[in-house]
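Engineer: need a 3D model of the following:
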Amino acid sequence: MIDFKKELKDILENDPLDILKAKPNVSSIISPDNRLKASFKEINQFIDDNGYEPQKSRDINERRLFSRLEGLKESPEKASLLLDLDKHGLLNDVEIPEPLTIETVEDVLETDPLGLLGGTEEGDTTDIFNLKNLPSKSRVLTDYMAKRKPCKHFKEYENQFINVQKELKENKRKLISFTDKGEALVEKNYYILGGVLLYLERIDISSPEKTIEGKRFRKDGRTRCIFENGTESNMLYRSLAKSLYKGGKIVTQTADQINAEFQENLGLIKKEDELSGHIYILNSLSTNIEIQHLEHLYKVGFSTTTVKKRIANAENEPTYLMAPVSIVAEYEAYNMNTQKFENLLHRFFIEVCLDLEVTDNKGRIHQPREWFVAPLNVINQAIELIVNKQIQHYRYDALFKKIVPV
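Structural biologist: I've put the predicted structure just below:
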């Protein structure tokens, strides 16, 4: 008779290839947190070896570590997990949110940043304790998905989407990141949400922003959004803003649209009005190597004559870096203090003002102050914010080369 216990023991004890040995699950050991910490330790090791933080250099490995570090600085959630490892103080400037302490039902109701529990407005009875608002069927989809439906009159909008896509391909419009959590939505503007182009046709504010007893209540209401794929949505204002904040894009206006809105908001052209001047953006055609190496170098200024006439002698004027220039954009100005507008733009980009001395034809040294090192789409965005009277809510982040909320 076969002794099964003995046979099984022989099999287990004679396993030269270790086939029967249990192997650990690597994925369970290397957790996302562990990978995050390992990547940060690699940055620390680079600083230990080289004595400085990784830079945006031509070395692929150093550039990779630089990008990783910049990403960590923009993510308070990830940075909060690395504070114990931050021996070089790389994350000191990251604002780490205080952890929420939830102990009672009142704590839950008071810490409701997404407004999911309702009842935040004065006199509003639409909260979770009001059973008349309970839907007859369980609701699983978000407000964004639930309100999406076919647009019955999509033909009226189809050509608009075609034109916007064409203008994007021709670089007449740009895509910029949506950096605001809910204060920068503008009617009649275009956005990219989930990879789909949308037209924000209307905003119906039902509850304006206000402060009651020291508590701030954000504005909210329904919107009407038309999507390029032929659907529409009446999602909440704040829901749209939060969705865009997670990777959404703003589609900028064309130069002609900005110019038209600029005139409309700052004076409107009337028959009796006279042209005040021109706001312009110029690009240098200098052969000076020091100037050629400056990426995103533009001059933003004002002229009472036509811009072409103003720059006709650019190669002999220090303000134009003693070199020819090309016109990138030009905006007509009516009924406004154009100098004030120009100065506001200059103060906004003061951190990236060109610091360069130029010698004129007589050997005299000048230091032009109207040249700025900033991407063109950012300059146009700043002009648009001034036109919309929103510039005071933003600042220019020179490190990341983008406009961010104050």
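Engineer: what residue ranges in the stretch 251-400 of the chain score low on pLDDT?
Structural biologist: Screening the stretch 251-400 of the chain residue by residue with the criterion pLDDT under 70, one finds the ranges 255-275, 333-339, 387.
Engineer: quick one: the helices in it?
Structural biologist: In order along the chain, the stretch 251-400 of the chain carries the following helices (DSSP state H, counting those that start in this stretch): 255-265, 289-292, 307-310, 338-348, 376-387.
Engineer: now swap in the stretch 101-250 of the chain and tell me
Structural biologist: Across the stretch 101-250 of the chain, reading from the start of the chain, the helices by DSSP H, counting those that start in this stretch fall at 105-110, 143-146, 155-169, 237-245.
Engineer: give the rounded mean pLDDT of the last one.
Structural biologist: For helix 237-245, mean pLDDT rounds to 84.
Engineer: name all residues that make contact with residue 74.
Structural biologist: The contact partners of residue 74, taken as Cβ atoms under 8 Å, 6 or more residues apart in numbering, are residue 400. C-beta: built from backbone N, CA, C; applies to glycine.
Engineer: and the helices of the stretch 101-250 of the chain, which is most packed in?
Structural biologist: Using mean count of other Cβ atoms under 10 Å, the stretch among those with the greatest mean number of neighbours is helix 237-245 (a mean of 20).
Engineer: could you give the angle of the top strand by length along the chain to helix 237-245?
Structural biologist: Counting by DSSP state E, the longest strand found in the chain is strand 196-207. Relative orientation of strand 196-207 with respect to helix 237-245: 150 degrees, computed using axes from the mean of the first three to the mean of the last three Cα atoms, to 10 degrees.
Engineer: distance from strand 196-207 to the middle of the chain?
Structural biologist: The chain centre lies 19 Å from the centre of strand 196-207; the measure is Cα atoms, centre = their mean, to the nearest Å.
Engineer: who touches it?
Structural biologist: Contacts of strand 196-207 with the rest of the structure, by Cβ under 8 Å, 6+ apart, involve 121, 124, 157, 160-161, 164-165, 185-192, 217, 219-229, 237, 240, 251.
Engineer: are any of those residues buried, and which?
Structural biologist: If you count burial by 16 or more other Cβ atoms under 10 Å, the buried members of the contacts of strand 196-207 come out as 121, 157, 161, 164, 185, 189-192, 217, 219-220, 222-228, 237, 240, 251.
Engineer: can you flag which of the residues you listed belong to strands?
Structural biologist: Within the buried ones among the contacts of strand 196-207, membership in strands is found for 190, 191, 192, 217, 220, 222, 223, 224, 225, 226, 227, 251, as judged by DSSP E.
Engineer: lowest-confidence one in those?
Structural biologist: When these are compared, residue 217 shows the smallest pLDDT, 57.
Engineer: against residue 243, how distant is the residue nearest the centre of the chain?
Structural biologist: The central residue of the chain, meaning the one whose C-alpha is nearest the mean C-alpha position (Cα atoms, centre = their mean), is residue 177 at 3.0 Å. Relative to residue 243, residue 177 is positioned 14 Å away (Cβ to Cβ, to the nearest Å).
Engineer: repeat that for residue 80.
Structural biologist: Between residue 80 and residue 243 the distance is 24 Å, computed by Cβ to Cβ.
Engineer: identify the bridge partners of residue 232.
Structural biologist: residue 149, residue 226 (DSSP bridges).
Engineer: next, count neighbours for it.
Structural biologist: Each residue near residue 232 was counted by other Cβ atoms under 10 Å, and the total is 21.
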